[in-house]
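> After the sequence you'll find the predicted model.
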Amino acid sequence: MSKYHRVAKQPLMQWHDAIAGIITHGVTDEAVDGLMDTLRKIVEADGCSLLVYPDGSQPYCPFRKRRKGEDPRIHIDQYLQSAYLLDPFYRLAVDGTAEGVYALSTIAPDAFKQSEFYRVYYRLVNFGDEICMIIPTPDEATIQVSVSRQDDKPRFTASQQALLERVFSTVRAILLKWWAASHAQNKENFLESHLECALSNFGSSVLTQRETQILQLVLRGYAVKNIAQKLEISPETIKHHRKNIYAKLDINSQAELFHLFIDSLRMVTPDSPPDPLTNYLKPPGQ
């Protein structure tokens, strides 16, 4: 047998061993944890995470395989608090009917790597590439499995993405079965979240409707040219609106806008007004 065939066979052997274990022992938390590790290994990823986005509740990360020595507080903990709302994979799932395997390079806005979200939640942890499995559940939650590589590693190949696409239906069946059991046990423990509503209304108490639209696209990493195309207005008009947005919010950059967004969402409660800036910008004592 050639060296090529020995190397090519190894991921398949790892995959079948993982599935055999699940068939033998059932879809337990331990089995799903092992499945995440297997997905990481078969495409030679540095990390693999399973994220759950329950309908109407904050997301959580029950399984994560990361590099030795990596601090989860740098990336995943801050991400789960509110920044996930700007994640291209999350937006793809909630803004449409996405299901399947997607690469970051094909779904992110053109200017994503210049966005503050990318700087804080990708560059900070040295993420260079990511592929995500998106699995909707019958009760309108979303399960996402992310495999990632560090920036100093080669990007995932087309054959590695194709491998994930081939195993997707099996991963989907396993995780939907795990979700049904997990959701039945933990349904009463989910924290109610109004963050999606807060994102939709962020800035609306002080900005015009058009300015609010532009602000949200800027936060999500769209460039001026792309915003102009989406809204069918000129780039010069977009720049004029952006200047007004910065003036009204008393900020000077996209970085300040991003941190204003994150800080204001930390104050959101079930009783908060739709726009989180309403309370955030309120003078002390009022």
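Thanks, I have it.
> start to end distance for stretch 81-95?
20 Å (Cα to Cα, to the nearest Å).
> what does that stretch rub up against?
Here stretch 81-95 makes contact (Cβ atoms under 8 Å, 6 or more residues apart in numbering) with 51, 53, 59, 79, 98, 102, 104, 107-109, 112, 115, 117, 120-121, 130, 132, 134, 136, 142, 144, 146, 195-196, 199, 219-221, 261-262, 265-266. Every C-beta, even on glycine, is put in place using the N, C-alpha and C of the backbone.
> Tell me which residues of it come out buried.
82, 83, 84, 85, 86, 87, 88, 89, 90, 91, 92, 93 (16 or more other Cβ atoms under 10 Å).
> Likewise for stretch 41-56?
Buried-residue list, stretch 41-56, by 16+ other Cβ under 10 Å: 41-43, 45-54.
> Looking at these, which is nearest residue 235?
The nearest member of those to residue 235, counting by Cβ to Cβ, is residue 53 at 33.5 Å.
> For burial, what's the neighbour tally of residue 282?
11 (other Cβ atoms under 10 Å).
> And the helices in the stretch 101-250 of the chain?
104-107, 116-118, 158-186, 195-201, 209-219, 224-231, 235-249 (DSSP state H, counting those that start in this stretch).
> Which of those helices sits closest to residue 30?
helix 158-186 (10.9 Å).
> what's the distance between that closest one and the middle of its chain?
17 Å (Cα atoms, centre = their mean, to the nearest Å).
> starting at the chain centroid, how far to stretch 251-270?
18 Å.
> winner for burial among the helices of the stretch 101-250 of the chain?
Comparing those by mean neighbour count (mean count of other Cβ atoms under 10 Å), helix 116-118 ranks first with a mean of 21.
> Now tell me what touches that one from outside.
With Cβ under 8 Å, 6+ apart as the criterion, helix 116-118 contacts 83, 86, 87, 112, 219, 220, 221, 254, 255, 257, 258, 259.
> do that again at 7 Å, thanks
Contacting residues not belonging to helix 116-118 are listed as 83, 86, 112, 221, 254, 255, 258 [Cβ atoms under 7 Å, 6 or more residues apart in numbering].
> same thing with stretch 151-162?
Contacts of stretch 151-162 (Cβ under 7 Å, 6+ apart): 43, 46, 101, 103, 126, 127, 128, 129, 131, 149.
> how near is the second one to residue 252?
Distance, residue 46 to residue 252, using Cβ to Cβ, to the nearest Å: 36 Å.
> sorry, back to before: redo the helices of the stretch 101-250 of the chain as a markdown table? Include mean pLDDT.
Shown next, in a markdown table, are these (pLDDT from 0 to 100):
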| stretch | mean pLDDT |
| --- | --- |
| helix 104-107 | 91 |
| helix 116-118 | 83 |
| helix 158-186 | 88 |
| helix 195-201 | 76 |
| helix 209-219 | 90 |
| helix 224-231 | 92 |
| helix 235-249 | 94 |
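> Any idea which of these gets closest to residue 10?
So among those, helix 158-186 is nearest, using Cβ to Cβ, at 11.9 Å.
> List the residues that contact residue 114.
Applying Cβ under 7 Å, 6+ apart, no residues qualify as near residue 114.
> now swap in residue 238 and tell me
214, 224, 227, 228.
> how about 6 Å then?
224, 227, 228 (Cβ atoms under 6 Å, 6 or more residues apart in numbering).
> of all those, which comes closest to residue 170?
residue 227 (39.7 Å).
> That closest one contacts residue 215, correct?
No. With contact defined as Cβ atoms under 6 Å, residue 227 does not reach residue 215; the gap is 10.2 Å.
> Count the neighbours of the residue nearest to residue 176 when sequence neighbours are not counted for me.
Nearest residue to residue 176, sequence neighbours excluded (Cβ to Cβ, 6 or more residues apart in numbering): residue 137, at 6.4 Å. Neighbour count of residue 137, defined by other Cβ under 10 Å: 17.
> from now on call the first residue 183
Let's use 183 as the start, then, which means that last one is residue 319.
> May I ask you to confirm that residue 319 is in contact with residue 361?
Yes. When contacts are counted by Cβ under 6 Å, residue 319 is listed as touching residue 361 (5.4 Å).
> on that earlier part again, export the contacts of residue 420 as TSV, with columns for distance to residue 349.
Output for those, formatted as TSV (distance: Cβ to Cβ, whole Å):
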residue	distance to residue 349
406	40
409	37
410	40
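> Name the nearest of these relative to residue 245.
The closest of these, once distances to residue 245 are taken by Cβ to Cβ, is residue 409, at 36.3 Å.
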